[in-house]
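1. show me how the following folds:
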Amino acid sequence: MSRRTRAIGFLLFALVCAVLAASIADGYGTSVAGQYGELRPVVVTATDLPAREPIGPRALQRLEVRRVPGSFAPPDALSSPQDAAGREPAAPVPAGSYVIASQLRSPRSDRDRPSTTLAGGRRPVEISVTGAEAFAAVGKDPVGGRVDVVVTSEPGPGAKGRTRVAAAGVELLALEDGGGGGASDTGLGSGGNWSATLALTRSQALRLIQAENFARQVRLMPHLRRR
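-> Numbering: from 1, shown residues only. Model (predicted):
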């Protein structure tokens, strides 16, 4: 066999291997998409994003776009870093976390922020919640009253998500809808995501911030006093 013949043989063999590899990769991608949904772009932060600091040009450079199966991505995950430009996280976003719309709000001036002096060693902490529309049935402004924060964890393999009261009877200092308007401006019946400022102890704050980033749902409910 001549050198030229051997070279042609090796070339044909390499082409066959490339075709087989592409076919296997395509089949694997189709299988993954069938099980977990089509790949979709999501924004992930490469470094921690501090709370209440507007996301400017430098912070935008630390936001990355990745493609993940649709069932793994939060419903309101951002698909482009530019969607976060000029907005600020309501609570710290750890490195490696998805950047989701319900975590962000329009910057507020210092005079709009609640007082940082509270009794019992508590501090004002902003978290993203759902369920604020339930207060419409009460018929009065919930700000200044007591609320319960209910957390539902993500379901594990072969198990359902667990629902528990993560903070009971905490004071609600402020409540805003996802668009940045106050509860008194938009009406409590509009639903959707909300930004709640709560008077929390350190342990409560750490627990709820963790739940905000990793739990399936963080829900605000009227506090029910035990009789």
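2. doesn't Q82 make contact with L60?
-> Yes: counting by CB atoms under 8 Å, L60 touches Q82, with 7.4 Å between them. (Each C-beta comes from the backbone N, C-alpha and C, glycine too.)
3. of the two, give the one with the bigger neighbour count.
-> Applying other CB atoms under 10 Å to L60 and Q82 shows that L60 carries more neighbours, namely 14 against 11.
4. what sits against the more buried one?
-> By CB atoms under 8 Å, 6 or more residues apart in numbering, the contact list for L60 reads 81-82, 84-85.
5. which one of those residues is nearest A134?
-> If you rank the contacts of L60 by distance to A134 using CB to CB, A84 comes first, at 28.8 Å.
6. residues near that closest one, how many?
-> Neighbours of A84 under the rule other CB under 10 Å: 24.
7. and it, what pLDDT?
-> The confidence metric pLDDT takes the value 91 at A84.
8. next one: phi and psi at it?
-> Taking degrees, to the nearest 10, you get phi -100, psi -10 for the backbone angles of A84.
9. ok, now which ones touch it?
-> A84 sits next to 43, 55, 60, 63, 78, 99, 104 when contact means CB under 8 Å, 6+ apart.
10. need the contact list for the residue lying closest to it once chain neighbours are set aside.
-> Computed as CB to CB, 6 or more residues apart in numbering, the closest residue to A84 that is not its neighbour in sequence is I55, at 4.8 Å. I55 makes contacts with 49, 63, 84-89, 104, as judged by CB under 8 Å, 6+ apart.
11. out of these, who's nearest V170?
-> P89 (20.5 Å).
12. so what pairs up with that closest one in the strands?
-> With DSSP bridges as the criterion, P89 is bridged to L104.
13. just checking, next helix/strand downstream of the lowest-mean-pLDDT helix or strand in the chain?
-> Lowest mean confidence among the helices and strands of the chain (mean pLDDT, DSSP states H and E): helix 183-186, at a mean of 40. Downstream of helix 183-186, the next assigned helix or strand under DSSP states H and E is strand 193-200.
14. name the helices or strands packed onto the following helix or strand past that following strand?
-> For strand 193-200, the following helix or strand on the C-terminal side (DSSP H and E) is helix 202-214. Helix 202-214 is packed against strand 123-130, strand 146-152, strand 163-177, strand 193-200, strand 217-222, with contacts defined by 3 or more CB pairs under 8 Å, 6 or more residues apart in numbering; DSSP states H and E.
15. can you give me the domain assignment for the protein?
-> Structural domains annotated on the chain: 39-105, 110-222, as defined by automatic domain parsing.
16. before we move on, back to that, what is the nearest of the contacts of I55 to D148?
-> Among the contacts of I55, P89 lies closest to D148 (CB to CB), at 23.8 Å.
17. isn't the closest one up against P50?
-> Yes: applying CB under 8 Å, one finds P89 in contact with P50, separated by 7.2 Å.
18. give me the more crowded residue out of those two.
-> Taking neighbours as other CB under 10 Å, P89 and P50 compare with P89 leading, 25 against 12.
19. where does this structure have low pLDDT?
-> Residues of the chain that meet the criterion pLDDT under 70 lie in 1-13, 15-36, 108-117, 136-140, 156-160, 177-192, 225-227.
20. got the contact list for R146?
-> Neighbour list for R146: 169-172, 223 [criterion: CB under 8 Å, 6+ apart].
21. thanks again, I'm all set now.
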